[in-house]
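# Generate a structure from the sequence data that follows.
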Amino acid sequence: MVVVTEIPKQVENFLAGFEKLAGELRPQEPEWLTQLRREAMEAFAELGFPTTRDEQWRFTNVAPIVETPFRIAEGNDAAAFDELPAGPWSESDAPRLVFLNGQYVSRLSRADSLPDGVEAGSLRAALNGSGEQWLRAALGRSADYLRHAFTALNTALWRDGAYVHIRPEAKPAAPIHLVHLSTADEQATASFPRTLVVAEQGAQATLVESYLNLGGGDGNGGGNLVGGGESSLKSGLEPCFTGAVSEIVAGENSVVDHYRLLQEAPGSFHVGTLQVTAGRSARYTSFAASFGGALVRNESTARLDAEGAECEMNGLYMARGREHVDNHTIIDHAQPHCTSRQLYHGILDERATAVFNGAIIVRQDAQKTNANQKNRNLLLSPDATIDTKPQLEISANDVRCTHGATVGQMDPEALFYLRSRGIALEQARELLIHAFAAELLEGIGPNGVRGWVERMLRAHLGRSGQAG
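Next up is the predicted model:
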């Protein structure tokens, strides 16, 4: 049993869920993992949920998550799906791992198409096979569960997840898709997907990590399905909460291109943590897209842990109605001669709110650092708001670092010019919004990912226009 001096009332539900889960999993897991879970749960019980009194959560109130009596997902309903719904994985025969409510679904996965030099699959299966020692060396080593409550919650409560091991010099041509689906129920449900990726020396790979909510919690008794399709789920379903953690280790001279795609139902919640560690001369690039969700928080941290490491973090987020999306990023230059670039664009409509807090940290020994950060936001409504805070923390003296943020509305002159050429108002708005996002869209490599992001952008714009 988890023992703490005083248990905050709001965490009791998750503590009870942990004791039930621990009793179920203990006979199946090695002792080191049992201990890791217990340490994480004790940390969560001590920390409690963050509040707006915490500086890093000043503009994001997690009370809707705290006050909802979530049931921890115990199984999945994979039998209800004859095939995987359309998504960024649909246009290729690339390998994929599919998880429903945090658990692996082999019938919907395509693990047999993994190329030479790549091992991937279910974390649960790997623990019960030959992968235990490898996982013990990597799992939970970079994601800080002692200081961050939601990371601790995931570390204690995950049932299953994805692992991808790219061996030295392996260079798979096709993207590897990690598909995390969540479904609504008549009771509010929480799932905690876990992802672990290790790219060894000289490896190169493209990863597409998708989190998609298949319905429920929209406040109007309706469901939601990726790509703007119709949900077959029953109306009146309760919201989902997805608390995800991903750890990525990029070894020496490796190249990792990472796409992180998110679409939640309008009334559901998502708190995701990404922790990246980059070795000598490694290059890590990421693109994060967020569409929908009552409350979405994305925390991304990259530590450049050896000379010559490079990191590029880009993101596009869109919110409408009363949705709230929060992007917190940290790029930690721990060693000299490292480079980072960051560009995030936000599009907000109606009464949506957003937060961008991006930190570039340059350690004392990280001389010759080159870092650039930009955050740009487009407000489509006078009622939409963004709190943006780009920041630099520099302890070295031989660096080149810049940052900046902009917030603005649609250019009326550009809109008038398009309309004067006979273009209808809504089409002119869509053209200008697409142009605002174009710099990010052009950098997306996989065609399936680019097409999905563009479809989601158009779908959200259409629904925003109807709502307005």
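# Do a quick rundown of the helices in the stretch 101-250 of the chain.
123-127, 132-138, 149-157 (DSSP state H, counting those that start in this stretch).
# how far out from the middle of the chain is the longest one?
Its chain's C-alpha centre lies 15 Å from the corresponding centre of helix 149-157 when counted by CA atoms, centre = their mean, to the nearest Å.
# what's in contact with that helix?
For helix 149-157, contacts defined as CB atoms under 8 Å, 6 or more residues apart in numbering pick out 14, 17-18, 21, 36-38, 40-41, 43-44, 47-50, 72, 140, 143-146, 190, 192, 194, 243-245, 271, 273, 297. Any C-beta I mention is one placed from the backbone N, CA and C, and that applies to glycine too.
# mean confidence score for that helix?
For helix 149-157, mean pLDDT is 96.
# CA atoms only for it, dumped as CSV, please.
Coordinates of each C-alpha in helix 149-157 appear next as CSV, following Å, rounded to 0.1, in the frame of the first residue of the first chain:
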residue,chain,number,x,y,z
ALA,A,149,2.3,14.9,-11.1
PHE,A,150,0.9,13.8,-14.5
THR,A,151,4.1,12.0,-15.4
ALA,A,152,4.0,10.2,-12.0
LEU,A,153,0.4,9.2,-12.6
ASN,A,154,1.3,7.6,-16.0
THR,A,155,4.3,5.9,-14.6
ALA,A,156,2.2,4.3,-11.9
LEU,A,157,-0.9,3.5,-13.9
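# pLDDT weak spots in the stretch 351-468 of the chain?
The stretch 351-468 of the chain contains residues with pLDDT under 70 at 462-468.
# rerun that using 50 as the cut-off
Residue ranges of the stretch 351-468 of the chain with pLDDT under 50: 467-468.
# cool, and the chain?
Counting by pLDDT under 50, the chain has low-confidence residues at 3-5, 217-235, 467-468.
# quick one, longest helix in it?
Criterion DSSP state H: the longest helix present in the chain is helix 447-467.
# distance between that helix and the chain's centre?
Distance of helix 447-467 from the chain centroid (CA atoms, centre = their mean) equals 18 Å.
# Likewise for stretch 349-360?
Using CA atoms, centre = their mean, the offset of stretch 349-360 from its chain centre is 15 Å.
# Stretch 348-356 too?
How far stretch 348-356 lies from its chain's middle: 18 Å, per CA atoms, centre = their mean.
# Residue 284 and residue 300 touch, don't they?
No: Residue 284 is not in contact with residue 300 according to CB atoms under 8 Å; the separation is 10.8 Å.
# Give me the common contacts of those two.
residue 276.
# ok, back up a step: the contacts of helix 149-157 in strands, which ones?
72, 190, 194, 243, 244, 245, 271, 273, 297 (DSSP state E).
# mind putting those residues in a markdown table, distance to residue 356 and neighbour count included?
As requested, these are exported to a markdown table (distance: CB to CB, whole Å; neighbours: other CB atoms under 10 Å):
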| residue | distance to residue 356 | neighbour count |
| --- | --- | --- |
| 72 | 31 | 20 |
| 190 | 26 | 25 |
| 194 | 26 | 26 |
| 243 | 21 | 27 |
| 244 | 20 | 27 |
| 245 | 21 | 28 |
| 271 | 16 | 24 |
| 273 | 17 | 23 |
| 297 | 12 | 24 |
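# and of the residues you listed, the nearest to residue 168?
Nearest to residue 168 out of the ones in strands among the contacts of helix 149-157 is residue 194 (CB to CB; 24.3 Å).
# nearest residue to that closest one other than its sequence neighbours?
Nearest non-adjacent residue to residue 194, counting by CB to CB, 6 or more residues apart in numbering: residue 161, 3.1 Å away.
# contacting residues for the residue sitting furthest away from the middle of the chain?
The outermost residue of the chain relative to its centre, with distances by CA atoms, centre = their mean, is residue 420 at 41.1 Å. Residues near residue 420 by CB under 8 Å, 6+ apart: none.
# Distance of it relative to residue 428?
Relative to residue 428, residue 420 is positioned 10 Å away (CB to CB, to the nearest Å).
# can you give me the strands for the stretch 151-300 of the chain?
For the stretch 151-300 of the chain, the strands defined by DSSP state E, counting those that start in this stretch cover 161-166, 176-182, 189-191, 194-199, 204-213, 240-250, 255-263, 269-278, 283-291, 295-304.
# quick one: strands adjacent to the shortest one?
The one in question is strand 189-191. For strand 189-191, the paired strands and their directions (DSSP bridges) read strand 71-72 (parallel), strand 240-250 (parallel).
# Any buried residues in the longest one, and which?
For strand 240-250, the buried set under the neighbour-count rule, 16 or more other CB atoms under 10 Å, comprises 240, 241, 242, 243, 244, 245, 246, 247, 248, 249, 250.
# so can I have JSON lines of the residues you listed showing distance to residue 266?
Output for the buried residues of strand 240-250, formatted as JSON lines (distance: CB to CB, whole Å):
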{"residue": "240", "distance to residue 266": "11"}
{"residue": "241", "distance to residue 266": "14"}
{"residue": "242", "distance to residue 266": "14"}
{"residue": "243", "distance to residue 266": "19"}
{"residue": "244", "distance to residue 266": "19"}
{"residue": "245", "distance to residue 266": "24"}
{"residue": "246", "distance to residue 266": "24"}
{"residue": "247", "distance to residue 266": "30"}
{"residue": "248", "distance to residue 266": "30"}
{"residue": "249", "distance to residue 266": "35"}
{"residue": "250", "distance to residue 266": "35"}
